[in-house]
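Asker: Using only what follows, build the 3D model:
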Amino acid sequence: MNGYSRKNVFTIISVLLFCVSFMGCKGQKGPPQFGPPEVTVLKVTQEKVVLTTELPGRVSSYRVAEVRPQVSGIIQKRFFTEGADVKAGELLYQIDPAPFQAAYDNAKSALARAEANLPAIKQRYERYKELLVHKAVSQQEFDDVSASFKQAEADVNYWKATVESARINLGYTKVTAPISGRIGKSNVTEGALVTANQPMALTTIQQLDPIYVDIPQSTAELTELQRRLKEGSLRYDGKDQNKIKLALEDGSIYPQEGVMQFRDITVDPTTGSVIIRAIFPNKEARLLPGMFVRAIVKEGVNRNAILIPQDAVSRDPKGNPFVFVVDEKAQAQIRPVIIDRAIGNRWLIQKGIVVGDQVIIEGIQRVRPGVPVKVTPPREGIPQGQVPDAGKKPSAKTN
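Answerer: Numbering: from 1, shown residues only. Predicted coordinates:
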């Protein structure tokens, strides 16, 4: 067989093999099918959640007393230890009492002299009063004696007041603590000259137990909270509504809760916020004046909260959140949602899904809108029940 005949035979065999393959595949349409994608869903339910807001706060003393001298003189001695706790009335400084003791003694002597003169003048006044009735003395003589008697009484009252004033000034030479608390450093030493009501305080005492925490809240957040309470989406948490927790600078939670004292009614024009003041027990002095903290303030109770795992929420190219749900035809559909805040590892959903919806929480990468899906039971560990009892919201709201 020559080369030309061999080439024709090879061509015929190739055509026959192609025809056989084509006939075998004639009944098959497209690539082989593997069935609908499997997904895990969460059936939406409502739960009760206590919602909170985390706000910055600053610690301030319950009471502060700047100790200043009320008389002028030389400091003779200091009686306290800097940084120690002092009691109200405890002696702090001794001012040289010598000039004030002398003034007190002088006033007492003058008072004694005035009181010694008073009885004689009084008897003369009473005698002239009887003689005037019988016309034994003139009216002018009686008037002179009456004036002398009144002047003697006034002298006695004057020196009584002077003695009291001198006694008070002598007492002021002992500078005592006006309140109980922790005392700071001393700004003067022995031998220093101090003056009455001077601008510089001798020292400062601060009461640390209990202690205040001042928490600024923006008027926008306050208005939003009032609106939600009015609409009924939030309710007050009864007697626990005014309880506040603290997160310290290292992230730890302060062990004791505080109580809200009041919410100020004046808005700070520079920050657009009002001040919430809370009071906390502070026996161990862990909270110090000026310390920055994070206050966890209760907004209220949401009795119809809808929460879903954060992994179930996706975002479109514009950043808008959405979820996939399984409809009544067992097909995946997109639902845009509005997120209120994060609660643990879940999102609190404000709008977009309702009770009974089946939200896809696993297998999201394998679904497309309108594609049939196969629902499988959730794996162990997929949260289906209760969520944490408190939902914290930072100052900025998540949409």
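Asker: residue contacts, residue 115?
Answerer: By Cβ atoms under 8 Å, 6 or more residues apart in numbering, residue 115 lies in contact with residue 156. The way it works is simple: take the backbone N, C-alpha and C, and place the C-beta from them, glycine included.
Asker: Double-check that it belongs to a helix.
Answerer: Yes: assessed by DSSP: H, G, I helix; E, B strand; the rest coil, residue 115 belongs to a helix.
Asker: the helices in the protein, which residues?
Answerer: 3-24, 98-133, 139-172, 219-231 (DSSP state H).
Asker: Turn these into CSV, columns for mean pLDDT and distance to residue 310.
Answerer: Formatted as CSV, the helices of the chain follow (pLDDT from 0 to 100; distance: least, Cβ to Cβ, whole Å):
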stretch, mean pLDDT, distance to residue 310
helix 3-24, 48, 51
helix 98-133, 92, 74
helix 139-172, 93, 66
helix 219-231, 81, 23
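Asker: mean confidence score for stretch 320-333?
Answerer: Regarding stretch 320-333, the rounded mean pLDDT is 92.
Asker: Please spell out which residues along that stretch are buried.
Answerer: 321, 323-326, 331-333 (16 or more other Cβ atoms under 10 Å).
Asker: Of the residues you listed, which belong to strands?
Answerer: Per DSSP state E, strands hold the following members of these: 321, 323-326, 332-333.
Asker: Widest-spaced pair of the residues you listed?
Answerer: Within these, two members stand farthest from each other by Cβ to Cβ: 321 and 326, at 18.3 Å.
Asker: quick one: pLDDT of the residue nearest to residue 84 when sequence neighbours are not counted?
Answerer: Spatial nearest neighbour of residue 84, excluding adjacent residues (Cβ to Cβ, 6 or more residues apart in numbering): residue 183 at 6.2 Å. pLDDT for residue 183: 94.
Asker: Make 130 the first number, not 1, from now on.
Answerer: I'll keep to 130 as the first residue from here, and by that count the last item is residue 312.
Asker: list the contacts for residue 281?
Answerer: 243, 246-247, 250-251.
Asker: And the contacts of stretch 405-421?
Answerer: 184-191, 311, 335, 337-346, 373, 375, 377-378, 383, 385-393, 422, 424, 426.
Asker: Just to check, residue 343 is in contact with residue 402?
Answerer: No: contact criterion Cβ atoms under 8 Å: residue 343 and residue 402 do not qualify, at 10.7 Å.
Asker: higher neighbour count, these two?
Answerer: Taking other Cβ atoms under 10 Å, residue 343 and residue 402 do not tie; residue 402 has more neighbours (19 against 15).
Asker: ok, now which ones touch the more buried one?
Answerer: For residue 402, the contact set (Cβ under 8 Å, 6+ apart) comprises 345-348, 396.
Asker: Verify the stated contact: residue 296 with residue 234.
Answerer: No: between residue 296 and residue 234 there is no contact, the gap being 10.6 Å when judged by Cβ under 8 Å.
Asker: Buried among the contacts of residue 281? Make that a PyMOL selection.
Answerer: Command for PyMOL that selects the buried part of the contacts of residue 281, burial taken from 16+ other Cβ under 10 Å:
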select buried, resi 243+250
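Asker: what would the contacts of residue 281 look like in TSV with distance to residue 414?
Answerer: Shown next, in TSV, are those (distance: Cβ to Cβ, whole Å):
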residue	distance to residue 414
243	55
246	61
247	59
250	64
251	63
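Asker: now, among the contacts of residue 281, which is nearest to residue 318?
Answerer: Nearest member of those to residue 318, counting by Cβ to Cβ, is residue 243, at 42.4 Å.
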